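Asker: Build the 3D model from these lines:
(one chain, ligands or ions: 1)
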Amino acid sequence: MIKYFYIESYGCQMNIYDNEIIITILTNNNFIYVENIYKADLILINTCAIREKAEKTIYNRLLFLNSIKKNKILGLIGCMANRIDYKYFFKKKLLNFIIGPDKYRLLPNIIKSLNDNRYSYNVILSNDENYNDIIPNKLYSNNKVSSFVTISRGCDNICTFCVVPFTRGREKNKSPISILNECKKLYDLGYKEVILLGQNVNSYLWNEKSFIKKNIINKKKSINFTNLLEMIAKSLPNMRIRFSTSNPQDMSIDVIKIIKKYNNICKYIHLPFQSGSNRILKLMKRKYTRLEYINLVDKIKNIIPDCSLSYDIITGFCSETNKDHIDTLNLMKYVKFDFGYMFCYSHRKGTYAYKKFKDNVPINIKKYRLKEIIKLQRKHSFYRLKKYINTIQEVLIEGISKKNKNYWYGRNSQNSIIVFPKKNYNIGDLVNVKIINNTSATLIGI
Ligand code: SAM
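Answerer: Here you go, the predicted structure:
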C-alpha cells in the first residue's frame, strides 16, 4: 500500500508552488510527505518543458530513478505530462502514471487505484481549475521568509516560441479574496515577503462572474492587477510584495504608480523583452515594439527612479541575423539592466515557431551571441551595483551566505543580493546595511 510520497521538482517558481498544493491534496487524504527519497513508496517528478535541456535532464533522471526504484511507484506530473510519449514509458514500465498540471485533485484516487499492472494518464487542460480553495502546505518549505503565491495559471498569449499555453492551458485567475487570505496566512506564519506569480501577472483580471480572463466582458467592474496589488499592500503593510512576470504589453502606468505609492511593494520589475529587434519581436508575436519597450522603461524610471529592472532574452530565434542581435545588445546598452536571464532559443514541438519557422541559427552562433549578452550584462550589473556604494539599504535577511558562514545574505527592495556580518541579527529581520563594496552579482555591506 502506498503511504509515503516524495516530490522532486524541476523548472520555474510555479512548480515549487504547485508542489505545496500537491502536498496539501495528498496529506489531506492521509498520505505522508517525506523529504528522503529512499523512504518514499511513491516518487512524483514535477516537470518543466520550456527548453529541450530541461526535458533531457528529466529523461535522464527518470532512467536513474528507475534503476534505484525497486518497488516504488513513479509518477510524472507538470508541464511535460502532455508532451511525453506515454505509450513508450508505460510499455517500458518506466512510469506508473502521468498527470497534467490541472489534474492534481485526482492524485489521491489515482494513487489508491494503482497496482502493478495499471497505468493512469490524465493530461486534460481545464478552463476552470485554479486551485482557489487549496491553501498550499508550507511546512516543508526551506524558505520561511519569502513565499510564492500563484495568482494566475496558464497564459493567453501565444508567443510563437513558447510551450506554456499548451502545457498549462488558458489564463485562469485566482479570486482576490483567496489570494489575500493566502497572503494573510503567510503573514501569520511569520513570512515577511510574498512573490505573486503568473505567466503574465499584469493581465490579471477577475470578477464575480468569471475568473477566466477571456470570458470577462465588463472590465470596469472587474478587479485588475493594480487593484489586487493595492489591496494586498494596504492590508499587509509589513509584508514585502514582489511579483513576476510582467509582460511589457500589459504593464500599465497605474501599476507603476501603485508600486511607487506603497513602501512595501518592492521597487523591482522583471520585464522580459526577448529580443531588441522589431523584426524578431513580430515573428515571436510579442505585442510591443522596441520603441514601446524603451518608452515603458523611461516611464518606469521617471515615476520610480530607483526601480531596478531585469529581463529575459532569447538569443538565436529562427532567422535571427547579426543585425537583430546587435539590436538586442543596443537595447541592453540603453537600459543597462540590473540583471537578466538569458537563453539560447530552443525549438519546441507544438509551438507556432516549430510548425512555421526553421530553427536555422547554428548552435555555435547561438552560444556565441549568448556569451556576448552575458558579458555585457556582467558589465551593466557591476555598474548598477557600484551605485549602491556608501548608501544604506534595507535588507530582509533570508539566510546564511554561501561563501562565508559568518555572513547573512538578503535582498533590498530592488532585489539585489547583499551580504554582511551576522552580529545579533536573525533570519527574517529587516536590517539597515551600509554598502562598502560590490562584485557584478553581490553587494557587500556592514
Ligand atoms: N510568460 C513570460 C513572458 O512571456 O514574458 C515568461 C515565462 S517563460 C516560463 C520564462 C522565459 O523562458 C521566457 O521569458 C523566455 O525568455 C524563456 N523561453 C520560453 N520559451 C523558450 C524557448 N523556446 N527557448 C528558449 N527560451 C524560452
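
Asker: And the nearest residue to Asn227 once chain neighbours are set aside, its phi and psi?
Answerer: What sits nearest to Asn227 in space, not counting adjacent residues and going by Cβ to Cβ, 6 or more residues apart in numbering, is Pro176, at 7.5 Å. C-beta here means a position set from N, CA and C on the backbone, and glycine is covered the same way. Dihedral angles of Pro176 (phi, psi; degrees, to the nearest 10) stand at phi -60, psi -40.

Asker: Hmm, Pro176 is touching Leu229, no?
Answerer: No: using Cβ atoms under 8 Å, Pro176 makes no contact with Leu229, being 10.5 Å away.

Asker: and stretch 185-198, average pLDDT?
Answerer: For stretch 185-198, the mean pLDDT works out to 97.

Asker: Please compute how far that stretch lies from its chain's middle.
Answerer: How far stretch 185-198 lies from its chain's middle: 15 Å, per Cα atoms, centre = their mean, to the nearest Å.

Asker: What is the end-to-end distance of it?
Answerer: 20 Å (Cα to Cα, to the nearest Å).

Asker: and Leu228, helix, strand or coil?
Answerer: With DSSP: H, G, I helix; E, B strand; the rest coil as the basis, the three-state label of Leu228 is helix.

Asker: Touching, it and Ile151? I think so.
Answerer: Yes: with contact defined as Cβ under 8 Å, Leu228 reaches Ile151; the gap is 6.9 Å.

Asker: Give me the common contacts of these two.
Answerer: Here Leu228 and Ile151 have Ile179, Leu196, Tyr204 as joint contacts, going by Cβ atoms under 8 Å, 6 or more residues apart in numbering.

Asker: Counting neighbours, which of the residues you listed comes out on top?
Answerer: Tyr204 (28 neighbours; other Cβ atoms under 10 Å).

Asker: Next, count neighbours for the nearest residue to it once chain neighbours are set aside.
Answerer: Excluding the flanking residues, the one nearest Tyr204 by Cβ to Cβ, 6+ apart is Phe225, at 4.1 Å. For Phe225, the tally of surrounding residues (other Cβ under 10 Å) stands at 27.

Asker: repeat for Lys282
Answerer: 13.

Asker: starting at the chain centroid, how far to the helix or strand harbouring it?
Answerer: For Lys282, the element it lies in under DSSP states H and E is helix 278-283. Averaging C-alpha positions (Cα atoms, centre = their mean) puts helix 278-283 24 Å from its chain's average.

Asker: can you check stretch 155-172 too?
Answerer: With Cα atoms, centre = their mean as the basis, the mean position of stretch 155-172 lies at 14 Å from the chain mean.

Asker: so what's Tyr4 up against?
Answerer: Neighbouring residues of Tyr4 by Cβ under 8 Å, 6+ apart: Phe31, Ile32, Tyr33, Val34, Lys39, Ala40, Asp41, Leu42.

Asker: Got phi/psi on it?
Answerer: phi -100, psi 130.

Asker: Gly410 now?
Answerer: According to degrees, to the nearest 10, Gly410 has phi -160, psi -170.

Asker: Do I have it right that it meets Val395?
Answerer: Yes: here Gly410 reaches Val395: they are 4.1 Å apart, a contact under Cβ under 8 Å.

Asker: got any residues that touch both of these two?
Answerer: Ile418, Val431.

Asker: So what's the residue count around the residue lying closest to Arg290 once chain neighbours are set aside?
Answerer: Closest residue in space to Arg290, ignoring its immediate chain neighbours: Asn278 at 5.3 Å, by Cβ to Cβ, 6+ apart. Using other Cβ under 10 Å, Asn278 has 17 other residues around it.
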